[in-house]
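S.K.: Have a look; sequence and predicted model below, questions after that.
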Amino acid sequence: MPSPNTIAVDKLARLVGLPKCPHLIDVRTDEDFAADPRLIPGSVWRPHPLAESWGSELGGTSAIVICQKGLKLSHGTAAWLRHLGKEASVLEDGFEAWLKSGLPLIPDAKLPRRDGKGRTVWVTRSRPKVDRIACPWLIRRFVDPDAVFLFVAPSEVVMVGERFGATPFDIEDTFWSHRGEKCTFDTMIEEFGLTTEPLLRLARIVRGADTASLDLEPEAAGLLAASLGLSRMFADDLQQLEAGMLVYDAFYRWCRDATEETHNWPTNKPKP
């Protein structure tokens, strides 16, 4: 029987990528992390002995704690977080259970260097349309919920990245960019190991909208229309990003849960 304050792998998998997913805190030991330096999507590694310190600064109201086997480290850390007023539970059987399930894991080596507050910082061209909204959505939902995005003049992206410790994306001659016929969103899906069927389907929709290949998926035209509409509605790039997050949340939930659902007008005509 599961212990109190635990969550099973299948239930956590349903939360990952959703806007209301709790903070996912990985507290594996240095040795365990070095043996398999990958992270459950959306999780952040934190040192368990300092739980009282970083827990006091943790935003939101709830967290799920992950250690190697779901035993003392995660239960102790979760107890500290509850002491600090957070709702905190433990991943049942820990990282090992997620690993055995075959669910995606993000290689830590692919993550950019974090800033002093533990956030990844990214920089790209201003006035985003498709890829430059889709990629931040993917990062915040599956890689780093606290990621910072800087939108600057195209000519300044690389130098801003160097001076401010930010990682450039969706710009030519950088690692996180288009590759062949695929767009930056595709690159991130592949490099972060997030090749689930819902995200691969979403990637085709994004690619179709971003590269004027609207025949890739029927929904690509709708995403392009919504993206161009948002770019006309908002002069501020960060406000546009926040509005775009909801659009991509909706497209992702459709890709994950609703592709077989249809809708029609219920006429309720009486039978002759």
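M.R.: Perfect, I can see it now. Everything numeric in this text was worked out from a predicted model, so none of it was measured. Numbering: from 1, shown residues only.

S.K.: residue ranges of the helices in the stretch 101-250 of the chain, please?
M.R.: Along the stretch 101-250 of the chain, counting by DSSP state H, counting those that start in this stretch, helices occupy 131-138, 157-164, 184-191, 197-210, 220-233, 237-253.

S.K.: other SSEs contacting the helix or strand hosting residue 90?
M.R.: Per DSSP states H and E: residue 90 is located in strand 87-91. Secondary-structure packing of strand 87-91 (3 or more C-beta pairs under 8 Å, 6 or more residues apart in numbering; DSSP states H and E): strand 6-7, strand 62-66, helix 72-83. For glycine as for every other residue, the C-beta is placed from the backbone atoms N, C-alpha and C.

S.K.: nearest to residue 176, of these?
M.R.: Among those, the nearest to residue 176 by C-beta to C-beta is strand 62-66 (26.4 Å).

S.K.: Partner strands of that closest one, with direction?
M.R.: strand 23-26 (parallel), strand 87-91 (parallel) (DSSP bridges).

S.K.: Now do the strand holding residue 90 against helix 72-83, angle only.
M.R.: Angle of strand 87-91 versus helix 72-83, following axes from the mean of the first three to the mean of the last three C-alpha atoms, to 10 degrees, is 170 degrees.

S.K.: Mind putting the helices of the stretch 101-250 of the chain into TSV with mean pLDDT and distance to residue 37?
M.R.: Formatted as TSV, the helices of the stretch 101-250 of the chain follow (pLDDT from 0 to 100; distance: least, C-beta to C-beta, whole Å):
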stretch	mean pLDDT	distance to residue 37
helix 131-138	98	21
helix 157-164	97	24
helix 184-191	98	15
helix 197-210	98	22
helix 220-233	98	34
helix 237-253	98	27
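
S.K.: Save the ones you listed as JSON lines, and put in distance to residue 260 too.
M.R.: Shown next, in JSON lines, are the helices of the stretch 101-250 of the chain (distance: least, C-beta to C-beta, whole Å):
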{"stretch": "helix 131-138", "distance to residue 260": "24"}
{"stretch": "helix 157-164", "distance to residue 260": "41"}
{"stretch": "helix 184-191", "distance to residue 260": "23"}
{"stretch": "helix 197-210", "distance to residue 260": "13"}
{"stretch": "helix 220-233", "distance to residue 260": "18"}
{"stretch": "helix 237-253", "distance to residue 260": "13"}
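
S.K.: and the ones you listed, which is most packed in?
M.R.: Of all the helices of the stretch 101-250 of the chain, helix 131-138 carries the top mean neighbour count, a mean of 26, counting by mean count of other C-beta atoms under 10 Å.

S.K.: ok now the strand holding residue 90, how far from the chain's centre?
M.R.: 20 Å (C-alpha atoms, centre = their mean, to the nearest Å).
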